[in-house]
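Student: sequence and predicted structure, then a few things I'm wondering about:
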Amino acid sequence: MARSAPLLAPPPSPPRVSIGLPVFNGANYLQQAIDSILNQSFTDFELVIADNASTDATPRIIKEAASRDSRVKPIFGTENIGAAPNYTRVFENSFGEYFKWASHDDVCSPHLLEKTVAALDSNPKLTVAAARTDTIDQDGKFLFAYEPLAGFTSDDPAVRLETVFKLSGDIYYVWGLMRRHMLEETGLLGSFIGHDRALLANLAMVGPFWCSKDILFHMREHEDRSIHRHSWRDPEQSMNWYDPSAKQAGKQPTLRLFREYVASLTRAKLSPSDSIRCALVMKDWCKTQAPSLRNELSDVLSSKAFPASLLAPLIAPSKYRLERLMPPGSKIILIDDEKAELLMLRGRSFLPFLERDGRYYGPPPDEATAITELERMRSEGAEFVLLAWTSFWWQDIYPDLFSYMKVNCAEIYKDKNFRAFKL
């Protein structure tokens, strides 16, 4: 990743470790977070704190810390640039061989750096050295502990990637210690929803993760946490937190995350066989995200920003054959997707599936309903069933429907873009 010009001057002798702490209005817990870092048993580090134009006591706390300890390197922003660019800013203004991000509301045990540095020093294949983590409440009282995930220690990059996809809730490995030169080959924590998952996926494909046996990191649960302020349910609003200048990234969050996963696979520089196996793991992830991917892809293809003419060269061979198999005037059931204009098959009547009074009604609740509706529409004059690439996920969700059509209908066409049956 290209590096911007740093705001801080490089030190004469770079430290072994850099810790980057981006913060906005974090005065409630910032002092305790800073103290827990400065009290580490491993001392060869710098703490870069980037204030994102806070309006509370955050700047004062940072200035006081910097006046007491020369390892604190403050950066004060004049405007809130969003969380993601601020995470990048602390990395770009750090100079240590190893790097970790820190949060203003979490607490590090005194031996966290000592243990994680030793882990990276002892095994050059490791990409992340994380501390086993528990969760504390706003008063510092223990809530629960996380168990380390064995899949991250595997020598198989596909197993490690699959482990990333199985993560739920807090992704504490992103707070682990990492190698600077490896981070520079990633997209860091970019301006899109799910950036922590994308970064861990990239690093997991490159090498294994390590996690301490002892609990050395304490994540604080409180109502003002960023994860409680934004949600996948309102991705465009969430981008106000991630990066106000990149609101477009909130329009198709699942597609964007998929694109980042693919980019990570390219950056990982795996062997051909490992690349294929990781791609198959990504395919399985796509199945779990099928409804979101389908809806977002449909939005992209139907938007004014994506001219339908751009599809022509992609589906031209398929279109040519389908036009001869389904003549003008044909009544065609279009599985799921009501946007028939995307297919550019003129002169045919398209019936969305499911439909009510000619309007798209949404996916069927179960296989039996799907088969019943298919036969109803056949009895009312439908002649063909067409499945376009945007809805191929139906074959995984409704396998009995397609088995039924293979037995009771004639499959007349199948390629990477379409699958068609004659009723």
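Tutor: Looks like it came in fine. Numbering: from 1, shown residues only.
Student: and residue 105, how far from residue 86?
Tutor: 15 Å (C-beta to C-beta, to the nearest Å). To be clear about C-beta, it is placed using only N, CA and C from the backbone, and glycine gets the same treatment.
Student: just residue 386 next, same as before
Tutor: Distance from residue 386 to residue 86, by C-beta to C-beta: 48 Å.
Student: same deal with residue 7?
Tutor: When residue 7 is compared with residue 86 (using C-beta to C-beta), they lie 12 Å apart.
Student: follow-up on the earlier one: of residue 386 and residue 86, who's got more company?
Tutor: residue 386 (27 against 23; other C-beta atoms under 10 Å).
Student: low-confidence stretches in the chain?
Tutor: 1-6, 169-170, 228-233, 247-250, 298, 301-314, 337-344 (pLDDT under 70).
Student: try 90
Tutor: The model of the chain has pLDDT under 90 over residues 1-12, 167-171, 192-193, 222-256, 259, 287-324, 334-366, 387-398, 415-418.
Student: and the longest strand for it?
Tutor: strand 209-220 (DSSP state E).
Student: other SSEs contacting it?
Tutor: Counting contacts by 3 or more C-beta pairs under 8 Å, 6 or more residues apart in numbering; DSSP states H and E, strand 209-220 is packed against strand 107-108, helix 112-122, strand 128-136.
Student: swap the cut-off to 7 Å and go again
Tutor: helix 112-122, strand 128-136 (3 or more C-beta pairs under 7 Å, 6 or more residues apart in numbering; DSSP states H and E).
Student: got the buried residues for it?
Tutor: For strand 209-220, a neighbour-count test (16 or more other C-beta atoms under 10 Å) marks 209, 210, 211, 212, 216, 217, 218, 219, 220 as buried.
Student: with stretch 66-74 instead?
Tutor: Applying 16+ other C-beta under 10 Å to stretch 66-74 flags 66, 71, 72, 73, 74 as buried.
Student: likewise for stretch 157-174?
Tutor: Buried residues in stretch 157-174 (16+ other C-beta under 10 Å): 157-165, 167, 170, 172-174.
Student: hmm, who's touching stretch 68-81?
Tutor: Residues outside stretch 68-81 that contact it (C-beta atoms under 7 Å, 6 or more residues apart in numbering): 7-8, 24, 38, 45-53, 59, 62-63, 65-66, 89, 93.
Student: check the offset of it from the chain's centre.
Tutor: With C-alpha atoms, centre = their mean, to the nearest Å as the basis, stretch 68-81 stands 29 Å off its chain's centre.
Student: quick revisit: packing partners of the helix or strand following the longest strand of the chain?
Tutor: Remark: after strand 209-220, the chain's next helix or strand is helix 235-242, criterion DSSP states H and E. Where contact means 3+ C-beta pairs under 7 Å, 6+ apart, helix 235-242 is packed against helix 83-92.
Student: which strands and helices lie in contact with the helix it packs on?
Tutor: strand 17-23, strand 45-51, helix 235-242.
Student: work out the gap between whatever helix or strand comes next after the second one and the centre of the chain.
Tutor: So the one you mean is strand 45-51. Sequence-wise, the next helix or strand downstream of strand 45-51 (DSSP H and E) is helix 58-68. Helix 58-68 sits 34 Å away from the centroid of its parent chain (C-alpha atoms, centre = their mean).
Student: each with direction, which strands does the following helix or strand past helix 58-68 pair with?
Tutor: Heading C-terminal from helix 58-68, the first helix or strand you meet, by DSSP H and E, is strand 72-76. Sheet pairing for strand 72-76, assigned by DSSP bridges, gives strand 45-51 (parallel).
Student: let me have the helices and strands packed on helix 83-92 in a markdown table, adding mean neighbour count and distance to residue 152 as columns.
Tutor: Rendered in a markdown table, the data for those read as follows (neighbours: other C-beta atoms under 10 Å; distance: least, C-beta to C-beta, whole Å):
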| stretch | mean neighbour count | distance to residue 152 |
| --- | --- | --- |
| strand 17-23 | 26 | 21 |
| strand 45-51 | 25 | 24 |
| helix 235-242 | 19 | 25 |
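Student: ok now do the most centrally placed residue in the chain, which residues does it touch?
Tutor: For the chain, the residue nearest the mean C-alpha position is residue 194 (3.4 Å; C-alpha atoms, centre = their mean). By C-beta under 7 Å, 6+ apart, the contact set of residue 194 is 253, 257.
Student: same check, this time on residue 148
Tutor: 132, 211.
Student: wasn't it part of a helix?
Tutor: No: counting by DSSP: H, G, I helix; E, B strand; the rest coil, residue 148 falls outside a helix, being coil.
Student: and the gap between residue 139 and residue 222?
Tutor: 9 Å.
Student: next one: residue 388
Tutor: From residue 388 to residue 222 the distance is 47 Å (C-beta to C-beta).
Student: wait, residue 254 sits on residue 291?
Tutor: No: if you go by C-beta atoms under 7 Å, residue 254 and residue 291 don't touch, sitting 9.2 Å apart.
Student: who's more crowded, these two?
Tutor: Taking other C-beta under 10 Å, residue 254 and residue 291 do not tie; residue 254 has more neighbours (21 against 13).
Student: for the more buried one, which non-adjacent residue is spatially closest?
Tutor: The shortest distance from residue 254 to any non-neighbouring residue, by C-beta to C-beta, 6 or more residues apart in numbering, is to residue 292 (4.1 Å).
Student: the strand or helix carrying the one you found packs against which elements?
Tutor: Secondary structure from DSSP H and E places residue 292 in helix 290-302. On a contact count with 3+ C-beta pairs under 7 Å, 6+ apart, helix 290-302 meets helix 253-268.
Student: list the buried residues of the helix it packs on.
Tutor: So for helix 253-268, counting by 16+ other C-beta under 10 Å, buried means 253, 254, 255, 256, 257, 258, 260, 261, 263, 264, 265, 268.
Student: ok, stretch 354-366 next?
Tutor: Quick answer for stretch 354-366 (16+ other C-beta under 10 Å): 354, 355, 360, 363, 364.
Student: what about residue 87, neighbour count?
Tutor: Counted with other C-beta under 10 Å, residue 87 comes out at 24.
Student: was I right to think it contacts residue 21?
Tutor: No: using C-beta under 7 Å, residue 87 is not in contact with residue 21, being 9.8 Å away.
Student: residue contacts, residue 254?
Tutor: 289, 292, 293, 296.
Student: with neighbour count added, can I get these in JSON lines?
Tutor: Converted to JSON lines, these look like this (neighbours: other C-beta atoms under 10 Å):
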{"residue": "289", "neighbour count": "16"}
{"residue": "292", "neighbour count": "17"}
{"residue": "293", "neighbour count": "20"}
{"residue": "296", "neighbour count": "19"}
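Student: done for today, thanks.
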